[in-house]
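*Asks:* Need coordinates for the following:
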Amino acid sequence: MGMARRTLTFGTLFVFLALSGCMHRYTPPESPMPPNTVLLSQMMRELSAQPGFTEALLQELQRQSHTGKRGPALLTPSLIDDLRKLILGRNWQGLDRFPGWSMRAITSSVGALDRVAPDNESAAEAQEFLDLGPYILDREQTISLDEPSTLTPFTTEGIVTQLAPDVTRGDGPNDLAPEHAESQRLADVLNRLAANALDGAESFSVMRPWAAIIARRPPGPPTVYKPDPFTTTPQDLIFDLEATGHSVTVIDARYFANFGHLHYQRRDVMMPFWVNSGFAVAGTGGLFGIGARPLLVPAAHAEYEWQIRGPNVNADISYYYGIDGKSEWRTMDTLDQSWVLKRAAHTYTGAQAVEVTRLAGLLTVAYMHQHQRRPKLPFGGYYTLGVCQDGVAAIEHRMTGKTTLFPNTADDTLFDDPRDAEVNALLSAIPKDRNGAPPDAERIFGSLPIEPDAEGRFSGITIPGLANDLQASYAAWQSGKLHRMHSRSIYWIAVAVTFAGAGVLIAVAVLRRRG
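*Replies:* Now for the predicted structure:
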């Protein structure tokens with residue numbers, strides 16, 4: 001009798017310990033928060049009962065816009081429906097970890113075809129995917145950058161939208177806004193120089209100063225040299241700026257993507273887009289890892305940023321492939337919310353800055369070819385042709401020999417245009433996450449906009465609960481103990497084995513008692 005009771009007690013305890021991880025429901029913390037910032041759940045607790053507000057917010061979030069750093073936060077119909085259910089169901093904890101889906105699930109929600117038949121090429125249709133300012137494709141033109149830009153200064157018109165008396169979407173100016181006219185001109189010029197490679201585009205050039213012409217003289221013994229007074233490619237323009245006393249620095253910048261850009265009662269609304277990394281948070285779950293909690297990470301935004309200072313041009317611009325379907329240079333003079341942070345993963349100057357510029361120009365043209373051939377891709381090709389990380393990761397791989405970004409979503413089977421052979425190879429060389437293949441942990445941590453300190457802590461991160469999860473998981477990765485999440489089938493096999501093991505113990509005890 002005593003043996004049976006002890007065995008039964010042990011079996012029950014065994015089951016409890018094995019399953020204890022899945023009995024505990026994780027509640028994301030809501031504090032501490034950075035100053036002047038509120039969670040999305042706090043805003044919706046107070047406003048979701050207002051007639052029409054939730055639907056107005058969802059419609060605004062669905063509206064595609066080029067403003068801000070959104071990363072892969074494309075709100076497909078199924079994602080919007082899930083967001084609506086969380087709000088109407090008052091699931092505030094789920095709202096603060098929205099959506100928390102795997103990359104496979106996000107890809108499925110996009111509904112993009114693996115293969116899309118090319119259409120007839122149309123430069124007119126594709127031109128909407130490249131901002132050229134006052135410069136057009138079918139006109140030959142030569143300009144000079146010696147005089148100040150005459151473009152309009154920074155304005156929030158078309159950027160900031162009033163959704164409710166206390167709610168706005170969009171961001172005001174940052175400290176780069178005073179140079180907006182110069183930055184916008186330079187972005188337009190680089191885009192138009194890249195477009196010289198498009199079939200049917202008329203020649204566009206920038207007058208080259210004498211100092212740049214002399215710098216372009218071939219090395220070696222004196223030869224007959226016919227100087228070219230015009231620049232016709234993005235990389236040559238950057239070379240010329242450096243040759244004429246301008247400092248040019250190109251930064252591979254990483255941020256947390258902000259898919260909301262909302263402000264409530266003059267406070268920032270924290271709205272990361274959470275992705276299931278496929279790893280388990282170290283230290284969670286019961287025996288065999290049953291019930292372990294997945295490591296959710298905010299989607300990253302990555303871009304290249306050009307900082308140019310000199311006698312004629314003072315500008316700050318960025319390049320990335322955005323949610324608007326545009327692979328191009330852009331201004332970067334709107335204010336980021338404090339929680340998105342920023343990290344310079346790599347910095348390039350001199351010849352390396354020129355090379356990054358060349359590669360960005362090739363990507364610009366390759367995406368224009370995609371739009372010409374496949375104008376009917378859903379969401380303007382965004383996600384199917386990649387997100388902001390893909391182009392940055394491809395260039396990083398070329399410049400450093402590896403890539404540290406997650407996620408990448410480009411379907412590289414679509415990049416088959418022989419005119420873009422170099423870009424096709426660049427994109428083919430980087431890992432893809434669209435089908436849910438487990439990423440390397442290095443890419444999870446490399447995408448973060450902050451590095452751990454000497455003790456492996458992420459104290460600079462202000463999203464509640466995230467720093468602790470990252471610290472535990474980073475330490476496990478460094479010690480070789482970071483594990484991937486079990487599949488659902490393995491989970492239920494472990495549960496079955498646990499119960500079976502306990503059942504065997506109990507059966508043995510009963511037989512002993514009867515014997």
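
*Asks:* With just CA atoms, put the helix or strand containing Arg358 into PDB.
*Replies:* Here Arg358, judged by DSSP states H and E, is contained in helix 350-373. Extracted in PDB, the C-alpha atoms of helix 350-373 (Å, rounded to 0.1, in the frame of the first residue of the first chain):
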ATOM      1  CA  GLY A 350      35.900  56.300 -49.300                       C
ATOM      2  CA  ALA A 351      35.800  53.600 -52.000                       C
ATOM      3  CA  GLN A 352      33.500  51.400 -49.900                       C
ATOM      4  CA  ALA A 353      30.900  54.200 -49.700                       C
ATOM      5  CA  VAL A 354      31.100  54.500 -53.500                       C
ATOM      6  CA  GLU A 355      30.600  50.700 -53.800                       C
ATOM      7  CA  VAL A 356      27.600  50.700 -51.500                       C
ATOM      8  CA  THR A 357      26.100  53.500 -53.600                       C
ATOM      9  CA  ARG A 358      26.700  51.500 -56.800                       C
ATOM     10  CA  LEU A 359      25.000  48.400 -55.400                       C
ATOM     11  CA  ALA A 360      22.000  50.500 -54.100                       C
ATOM     12  CA  GLY A 361      21.700  51.900 -57.600                       C
ATOM     13  CA  LEU A 362      21.600  48.400 -59.100                       C
ATOM     14  CA  LEU A 363      18.900  47.300 -56.700                       C
ATOM     15  CA  THR A 364      16.900  50.400 -57.600                       C
ATOM     16  CA  VAL A 365      17.000  49.400 -61.300                       C
ATOM     17  CA  ALA A 366      16.300  45.700 -60.600                       C
ATOM     18  CA  TYR A 367      13.100  46.600 -58.700                       C
ATOM     19  CA  MET A 368      12.000  48.900 -61.500                       C
ATOM     20  CA  HIS A 369      12.400  46.000 -63.900                       C
ATOM     21  CA  GLN A 370      10.300  43.900 -61.500                       C
ATOM     22  CA  HIS A 371       7.500  46.500 -61.500                       C
ATOM     23  CA  GLN A 372       7.700  46.700 -65.300                       C
ATOM     24  CA  ARG A 373       7.400  42.900 -65.700                       C
END
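
*Asks:* Give me the average confidence score over the helix or strand following that helix.
*Replies:* Going down the chain from helix 350-373, the next helix or strand is helix 388-400, by DSSP H and E. For helix 388-400, the mean pLDDT works out to 97.

*Asks:* just checking, what packs against helix 388-400?
*Replies:* Secondary-structure packing of helix 388-400 (3 or more C-beta pairs under 8 Å, 6 or more residues apart in numbering; DSSP states H and E): strand 247-256, strand 300-309, strand 315-321, strand 343-349, helix 350-373, helix 421-428. Where you see a C-beta, it was placed from the backbone N, CA and C, and this is true even at glycine.

*Asks:* quick one: that helix to strand 300-309, angle?
*Replies:* In terms of direction (axes from the mean of the first three to the mean of the last three C-alpha atoms, to 10 degrees), helix 388-400 departs from strand 300-309 by 60 degrees.

*Asks:* Quick one: residues in contact with stretch 433-444.
*Replies:* Stretch 433-444 is contacted from outside by 102-105, 107, 277-279, 295, 297, 383, 403-411, 431, 477, 482, 484, using C-beta atoms under 8 Å, 6 or more residues apart in numbering.

*Asks:* how long is that stretch end to end?
*Replies:* For stretch 433-444, the first and last residues are 12 Å from each other (C-alpha to C-alpha, to the nearest Å).

*Asks:* okay, Leu377: pLDDT?
*Replies:* Leu377 is given a pLDDT of 86.

*Asks:* Around the residue nearest to Leu83 when sequence neighbours are not counted, how many other residues sit close by?
*Replies:* Distance criterion C-beta to C-beta, 6 or more residues apart in numbering; nearest residue to Leu83, sequence neighbours excluded, is Phe98 at 6.1 Å. Here the number of neighbours of Phe98 (other C-beta atoms under 10 Å) works out to 22.
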